[in-house]
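Visitor: generate coordinates for the sequence data below:
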Amino acid sequence: MADTTFGHKGWTPDRLPSLTGKTYLITGANAGAGFQAARTLLNKGAKVVMLNRSAEKSAAAVQDLKQEFGAEADVSFIRMDLSDLASVRAAAQEVLQTQSRIDALICNAAIAQVPNQKITVDGFESQLGTNHYGHFVLCGMLFDRIDTSGGRIVVVASLGYKLGIRTIQFDDMNWDKNYSPNPVYSQSKLAQMMFAYELQDRIKAAGKSVEVYVCHPGASATSLISTSGSRTMRIIWWMMSKTPMVQTAEQGSFPEVMCATETALTEQRALYGPTGRMEAVGPVGRGTLEPHAYDKPVMERLWTVSEEATGFKWQF
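Guide: Numbers count the residues shown, from 1 in each chain. Got it, this is the predicted structure:
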């Protein structure tokens, strides 16, 4: 049964109060759902710091947002390439030096369905390295600032976590023996979710106050596939985006904005997103979370593997 917590229309930005004085960090915010989330937050007076790979696209996005909301709109960007842990560490240091509070870190950036195996500069399969390891280190480095701010971490996942092998291929994390775009993407998004749910457990055990929420945009007309997918996938996705099976990028941003701001949310061991047809479109609320996403032994092992792979040790 669809979640009706926020009425039959689900959660919408109409619920947002003034966000003046609050600061939100969004990865991958120069286009798609991340850009739309920035628009919504700025419209309510928030400060938005975008963490993006392309300086040129980021400057254009900032210009567009200031044109829409005025020169006084508090929006900026820090260059960060999630596929390069040195870049992630440098960006996190810049955030800590320039931002006194973080009300929410929205882990929105991703790549998807890379047609052929690519290895990052740190030696990781590109989808796992970008989607999971990059955010794993970023969240860890910014955690204390988020904690002292009474803030949140929002992990933007994907319904793709239900596909693929539905667990972590620990004996071949880079998929050297059996690379295939879709299962590898599915595992990278599952890894993000497992990180978030394991982080919830560790926060509770450590007596910290950070809230961690997991959401997904459903089927939304973002640039995700066109950025990294194969030519065939780009054509298929373009055709699908012209049908009612796909909603707008703005609608796709609602779950992450809700998870970053909504005070009525209480259940963290959940997956939020569209609750309409196949949970891919429609009113935003609490959706279905399949138990393989919070398989405790796998979550704990993934945490250990992630610390060893990245060389980043969480302090609790």
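
Visitor: longest helix of the protein, counting residues only.
Guide: Among all segments of the chain classified by DSSP state H, the helix with the greatest residue count is helix 181-206.

Visitor: that one: how far from the chain's middle?
Guide: On the basis of C-alpha atoms, centre = their mean, to the nearest Å, the separation between the geometric centre of helix 181-206 and that of its chain is 11 Å.

Visitor: what about it, average pLDDT?
Guide: Per-residue confidence for helix 181-206 averages out to 97 on the pLDDT scale.

Visitor: packing partners for it?
Guide: The elements that helix 181-206 packs onto, with contact taken as 3 or more C-beta pairs under 8 Å, 6 or more residues apart in numbering; DSSP states H and E, are helix 126-127, helix 134-148, strand 152-156, strand 211-215, helix 296-310. C-beta coordinates here come from the backbone N, C-alpha and C atoms, glycine included.

Visitor: point out the most buried one among those.
Guide: When those are scored by mean count of other C-beta atoms under 10 Å, the highest mean neighbour count falls to strand 152-156 (a mean of 27).

Visitor: let me have the helices and strands packed on helix 181-206 in JSON lines, extended by mean pLDDT.
Guide: Shown next, in JSON lines, are the helices and strands packed on helix 181-206 (pLDDT from 0 to 100):
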{"stretch": "helix 126-127", "mean pLDDT": "98"}
{"stretch": "helix 134-148", "mean pLDDT": "98"}
{"stretch": "strand 152-156", "mean pLDDT": "98"}
{"stretch": "strand 211-215", "mean pLDDT": "98"}
{"stretch": "helix 296-310", "mean pLDDT": "98"}
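
Visitor: relative to residue 43, which of those is closest?
Guide: Comparing the helices and strands packed on helix 181-206 by their distance to residue 43 (C-beta to C-beta), the top pick is strand 152-156, with 18.2 Å.

Visitor: show residues contacting the closest one.
Guide: Residues external to strand 152-156 that are found in contact with it (C-beta atoms under 8 Å, 6 or more residues apart in numbering): 33, 103-108, 110, 135, 139, 143, 146, 192-193, 195-196, 199, 210-217, 255-256, 259-260.

Visitor: again, only using 6 Å
Guide: By C-beta atoms under 6 Å, 6 or more residues apart in numbering, the list of residues contacting strand 152-156 from outside reads 104-108, 139, 192, 196, 211-214, 256, 259-260.

Visitor: which residues in this structure form helices?
Guide: In the chain, the helices defined using DSSP H lie at 32-43, 55-69, 85-98, 126-127, 134-148, 181-206, 224-228, 231-240, 249-261, 296-310.

Visitor: can I get those in JSON lines with distance to residue 280?
Guide: Converted to JSON lines, these look like this (distance: least, C-beta to C-beta, whole Å):
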{"stretch": "helix 32-43", "distance to residue 280": "14"}
{"stretch": "helix 55-69", "distance to residue 280": "26"}
{"stretch": "helix 85-98", "distance to residue 280": "31"}
{"stretch": "helix 126-127", "distance to residue 280": "21"}
{"stretch": "helix 134-148", "distance to residue 280": "23"}
{"stretch": "helix 181-206", "distance to residue 280": "15"}
{"stretch": "helix 224-228", "distance to residue 280": "14"}
{"stretch": "helix 231-240", "distance to residue 280": "10"}
{"stretch": "helix 249-261", "distance to residue 280": "10"}
{"stretch": "helix 296-310", "distance to residue 280": "26"}
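
Visitor: brilliant, that's me finished.
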